[in-house]
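A.B. asks: Fold the stuff below for me.
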Amino acid sequence: MEARTHDRARKFIAAERPGILADGDGGNAAQLDLHNITCPAYLLAGADDDITTPEQVLDAAKYIGTAEDRIVQGVVPGGHIGLFIGGDTLRGHWPQIARWIGAQQTIHRVDIRNRTALGLAPCAWG
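C.D. replies: Numbers count the residues shown, from 1 in each chain. Coordinates of the predicted model:
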C-alpha cells in the first residue's frame, strides 16, 4: 500500500510541477530536489521532539533553495505532538506563525477539480 501511495504522489508531483523531481540513479526512482523549493519557510521544532529533532528541522534550511532572509527558525518547548496540539504552543506560537503566513502576501486558492497546487506565497518549485 505504501509503495502505491508513494507512486501516486510522485506522479501527481511530476504532473503538477514538472522539473521538481530530479532524476535518481536508481532506474525509475526519483528524488525531490529541495533546492528547487524557494518559497518562504517557517521551520519550527519541538525542543523535546525525539522523532524529528530540532537539529533535523533547522538543518532543512541548508537544503532548500529559499533565501536566508525568507526563512524563520524557532524551537518551542514540547515534543513532536505538542508542537501542533500543545496548549502553550497553540496559544503562544501559532498566532505568530499565522501572522507570518498572512504577511507573505499571497495565498493561492486550491481548486481540487483542476488539481491546482496550494502555495503559501510566491513560490518556485522547479
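A.B. asks: is it true that L83 touches T89?
C.D. replies: Yes. The criterion here is Cβ atoms under 8 Å, and L83 meets it with T89 at 6.0 Å. Every C-beta, even on glycine, is put in place using the N, C-alpha and C of the backbone.
A.B. asks: which one of these two has more residues nearby?
C.D. replies: Comparing L83 with T89 by other Cβ atoms under 10 Å, the one with more neighbours is L83, at 24 against 18.
A.B. asks: Next secondary structure after the helix or strand hosting the more buried one?
C.D. replies: Here L83 is covered by helix 82-85, with elements defined by DSSP states H and E. Heading C-terminal from helix 82-85, the first helix or strand you meet, by DSSP H and E, is helix 87-92.
A.B. asks: name the helices or strands packed onto that next one?
C.D. replies: Contacts defined by 3 or more Cβ pairs under 8 Å, 6 or more residues apart in numbering; DSSP states H and E place helix 87-92 against strand 71-76, helix 82-85.
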